[in-house]
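Asks: The amino acid sequence is not available; the structure is as follows:
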């Protein structure tokens, strides 16, 4: 790979490219396998180095908590000859462990695998076909019950049956796409999300959000960020924008 490409990767990660240069670089990432591999390797190396530093920081913190605990214990022994019950020290122990757990969570979250991150953000809104439909069909009831129970295979079959008679129902199409996404049928899911994301329905923002999640599940950071950016800049659904910003920050 050329030195110029190394510099481009560095500038892209540091966000010092112009918008046009950024777009050209992202286009090349999709077309140039060698560049994409080099970019992913650079991200992995950066993550490893940061992860190592975080682990060392956390280890030092735990050692500090341990030293504080035993210093407090020894102090009690020195000032009071009586045996100190573990229950008297219990609040201190619990507080120390709670702080350690909270910091561990903060340190670990940035290094979650893409699948773990997907599981963080796939909190789907409950399907309400029965409540929203003019005619409550058996297929609508089955789809709603199965989807909300996490039975995406059954939900997919029921949604297909429902959409046979109501192909214009955008909400049902969206939830069919989500079911496909959960079943790892990513290309089929995107074929549904893309027209919703480019359309003008009330579900347009969700179309963009689920396109981003589909690429997150595939470990494609470039396209994940692309659709997150579109969602943040083009839409007014504040709840989804907030979620998109949280995910965007984790991918930085």
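Replies: On my side now, so go ahead. Note that the coordinates shown come from a computational prediction; the quantities given were computed from them, not determined experimentally. Numbers count the residues shown, from 1 in each chain.
Asks: helix or strand for the closest residue to residue 235 other than its chain neighbours, which one?
Replies: Excluding its sequence neighbours, the residue lying closest to residue 235 (CB to CB, 6 or more residues apart in numbering) is residue 205, at 4.3 Å. Every C-beta, even on glycine, is put in place using the N, C-alpha and C of the backbone. Assigned by DSSP states H and E, residue 205 falls within helix 204-217.
Asks: what comes up buried for stretch 154-174?
Replies: Applying a neighbour-count criterion of 16 or more other CB atoms under 10 Å, the buried positions in stretch 154-174 are 154-159, 162-163, 166, 169-174.
Asks: Select, from the residues you listed, the two members most distant in space.
Replies: Spanning the widest gap among the buried residues of stretch 154-174 are 154 and 170, at 21.5 Å by CB to CB.
Asks: For the stretch 51-200 of the chain, just list every one of the helices.
Replies: Along the stretch 51-200 of the chain, counting by DSSP state H, counting those that start in this stretch, helices occupy 86-108, 114-121, 129-132, 138-148, 152-165, 170-182, 186-198.
Asks: which stretch in the ones you listed has the least confidence?
Replies: For these, the bottom mean pLDDT is recorded on helix 86-108, which sits at a mean of 48.
Asks: quick one, what contacts the residue lying closest to residue 12 once chain neighbours are set aside?
Replies: For residue 12, ignoring the flanking residues on the chain, the nearest one in space by CB to CB, 6+ apart is residue 25 at 5.3 Å. Neighbouring residues of residue 25 by CB atoms under 8 Å, 6 or more residues apart in numbering: 8, 12, 17.
Asks: tell me which element the second one falls in.
Replies: It stands for residue 12. Per DSSP H and E, residue 12 falls inside helix 3-13.
Asks: Show me what that helix is packed up against.
Replies: helix 19-31, helix 33-79 (3 or more CB pairs under 8 Å, 6 or more residues apart in numbering; DSSP states H and E).
Asks: just to revisit the earlier point, and the residue nearest to residue 235, how far from residue 15?
Replies: 25 Å (CB to CB, to the nearest Å).
Asks: And those two? Which one has more around it.
Replies: residue 205 (22 against 8; other CB atoms under 10 Å).
Asks: ok, and the closest non-adjacent residue to residue 177?
Replies: Closest to residue 177 by CB to CB, 6+ apart is residue 192, at 3.5 Å.
Asks: you'd agree that neighbour is up against residue 176?
Replies: Yes: taking CB atoms under 8 Å as the definition, residue 192 is a contact partner of residue 176 at 6.0 Å.
Asks: got the contact list for residue 246?
Replies: So residue 246 contacts residue 121 (CB under 8 Å, 6+ apart).
Asks: distance of it from residue 182?
Replies: Noted for residue 246: a distance of 21 Å to residue 182, by CB to CB.
Asks: One more: residue 244?
Replies: Distance from residue 244 to residue 182, by CB to CB: 20 Å.
Asks: Same check on residue 202?
Replies: Distance from residue 202 to residue 182, counting by CB to CB: 22 Å.
Asks: residues touching residue 192, list them.
Replies: Contacts of residue 192 by CB under 8 Å, 6+ apart are 173, 174, 176, 177, 180.
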